[in-house]
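*Asks:* missing the sequence, but the structure's below:
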């Protein structure tokens, strides 16, 4: 994007709405996204910081008057400057507390959406972090009115840390000395001092502590930057057009540190259990959240994630099938092929399609969508097998038609309707079969098609046999029985089908093993991310508890110990449940595989029985065929008929 676009706007009825053009931009972003949103009072220089993160002088609108320029939430997607294969999404939000707007509920909605969509939230303010500045953050205390984790009634404050972004407080036009009790402190120490809780339980103390406690409990990490005045007061309203030499060196130094920190420390946006968010998913979530908030509903994050999982998993199945079908369509241009060649490509494409599904799907805890992909691939595979068979049949029929052209002409002319014509016919037929056998690229229907051809010719063969007065009645009777060559061909056909079934069984075995391997990898990765998420949240809670103990809040620290124990218990139970669902899914996959293999084994046994029960050419018949062929050869060469 060469410039920002509006992502969320306010409709004529005052309700928030997502801009379709922005969703179309996000739909094209298949990479993971780092989402940085800036919030704060209007006319405090938020847009300038976003432009600096974009590496641009201009982009997001900077106002030069007391009127707020940014309305709604604007978005700018850029290649991440330090993380390859990642997109940086910058969100510049409408200023809070705009006197023209005069709607605190609207402000809370904007603030809530910024929290929901970002992986790093930058709070921009002016002056100092004093009580007034913190009291103006009533939006933080109202977050629970607009964001819920679950639809159940259980207390969930300790869960927010899993979902919320990291927190940066950018204090603009900071003029005070960074001293506490006469000692210089870091920016982060200044922030922690400003968020320090007061002891006591009075209403006044609770009102003082509430916004501070919310910031400490909800956000997994905190960081502070104090920016001095950027330039002379008369130039502040024209920051975007100022030459860097006109900016304060100290201001530039802090800006550079701020940008570097955001680039290095801001993480890829993730959903619960560590699922990585792409631009496409971010756009879908923006629409889901805005629709909910605009309709007066409270977004339940877990419900939103499950709704998103449904959309993404269905799309993942479709994408996997497209990957498979695209590859098989290319292979189709080379039909007919041997079954091993088709099966080999099927296994490769099946593996690739499963990888595509695994990459995009999430929360498929019962393997529903993997099963759907498996069934879709098998249906397509059988379709391509049929097309390959038809291509093979057509090629084999064309070869036989071409090779038997002379025989057809002889039949029309009556060339075999002579004494000894049956032997001539048999010799011509044998010659056709020999030439057919050496033809290349006949595919999987080579034996079936030959068997059908020989069956068709057996009608003509019988007619020629019965009319041949050179043969005795006994010879005709023996030869009129099932022909040795046709019987042998039937055996060849069944044996080929047997080999092909064995190849299909092997392909099925390899496919299921590969699917299960990928599923285990997927589940292991999801369990790892789930544990990492819990550990990350627990680290945040432990830091907060240590800070409470350090400041003498023993009672609060003890309550946190109980909360953390409950938090550990919930995570342990969630991990057990995930493991149980995974094992159930593996068992179902094994069951489906066993059913398929048992069906193939029954077919295999039936075919073996059919082959074993087939009659073998009799010795009389075989000997007579050989003797008649010798007779035919000697008569052709002018020899006498043997006795």
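*Replies:* Alright, I've got the coordinates. It should be emphasised that the depicted structure is a prediction, and the values quoted were computed from it without experimental measurement.
*Asks:* packing partners for the longest helix anywhere in the chain?
*Replies:* Taking DSSP state H as the criterion, the chain has its longest helix at helix 484-550. Identification of packing neighbours for helix 484-550 by 3 or more CB pairs under 8 Å, 6 or more residues apart in numbering; DSSP states H and E yields helix 160-163, helix 203-218, helix 339-360, helix 368-403, helix 421-437, helix 446-467, helix 554-613, helix 619-636. (Each C-beta comes from the backbone N, C-alpha and C, glycine too.)
*Asks:* And residue 74, which helix or strand is it part of?
*Replies:* Using DSSP states H and E, residue 74 sits in strand 73-79.
*Asks:* about what we covered before: can you say which of the helices and strands packed on helix 484-550 is packed in most?
*Replies:* helix 160-163 (a mean of 22; mean count of other CB atoms under 10 Å).
*Asks:* ok, the helix or strand following it: who's next to it in the sheet?
*Replies:* For helix 160-163, the succeeding helix or strand toward the C-terminus, using DSSP H and E, is strand 166-172. Strands adjacent to strand 166-172 in the sheet, as given by DSSP bridges, are strand 120-126 (parallel), strand 222-226 (parallel).
*Asks:* can you state the direction angle for strand 166-172 and helix 484-550?
*Replies:* 50 degrees (axes from the mean of the first three to the mean of the last three CA atoms, to 10 degrees).
*Asks:* distance between strand 166-172 and the chain's centre?
*Replies:* Averaging C-alpha positions (CA atoms, centre = their mean, to the nearest Å) puts strand 166-172 35 Å from its chain's average.
*Asks:* Which elements pack onto the following helix or strand past that strand?
*Replies:* On the C-terminal side of strand 166-172, the nearest following helix or strand under DSSP H and E is strand 179-180. Helices and strands touching strand 179-180, as assessed by 3+ CB pairs under 8 Å, 6+ apart, comprise helix 187-194.
*Asks:* buried stuff in the helix it packs on?
*Replies:* For helix 187-194, a neighbour-count test (16 or more other CB atoms under 10 Å) marks 187, 190-192, 194 as buried.
*Asks:* Identify the residues contacting it?
*Replies:* For helix 187-194, the external contacting residues (CB atoms under 8 Å, 6 or more residues apart in numbering) are 129-130, 134, 169, 178, 180, 185, 222-226, 547.
*Asks:* how does it look with 6 Å?
*Replies:* Residues outside helix 187-194 that contact it (CB atoms under 6 Å, 6 or more residues apart in numbering): 129, 169, 178, 180, 224-226.
*Asks:* related to what we said a few turns ago, which of the strands paired with strand 166-172 is buried the deepest?
*Replies:* Among those, highest average neighbours (mean count of other CB under 10 Å) belong to strand 120-126, with a mean of 23.
*Asks:* any idea of the mean pLDDT for that strand?
*Replies:* Here strand 120-126 scores 92 as its mean pLDDT.
*Asks:* Show the subsequent helix or strand relative to that strand.
*Replies:* For strand 120-126, the succeeding helix or strand toward the C-terminus, using DSSP H and E, is helix 131-135.
*Asks:* pLDDT on that following helix, on average?
*Replies:* 79.
*Asks:* Run through the stretch 201-350 of the chain and note the low-pLDDT ranges.
*Replies:* For the stretch 201-350 of the chain, the stretches with pLDDT under 70 are 232-243.
*Asks:* Also the chain?
*Replies:* Ranges of the chain meeting pLDDT under 70: 42-44, 61-70, 97-104, 150-158, 232-243, 471-489, 607-608, 610-643.
*Asks:* that older thread, so which of the strands paired with strand 166-172 comes closest to residue 464?
*Replies:* Between residue 464 and the strands paired with strand 166-172, the shortest gap by CB to CB is with strand 120-126, which sits at 89.7 Å.
*Asks:* my guess is residue 268 contacts residue 31, does it?
*Replies:* No - in this structure, residue 268 is not within contact of residue 31 by CB atoms under 6 Å, at 9.3 Å.
*Asks:* In space, what's closest to the residue nearest to the spatial centre of the chain - neighbours in sequence excluded?
*Replies:* Residue closest to the average C-alpha location in the chain (CA atoms, centre = their mean): residue 360, at 1.5 Å. Spatial nearest neighbour of residue 360, chain neighbours left out: residue 316 (3.8 Å); criterion: CB to CB, 6 or more residues apart in numbering.
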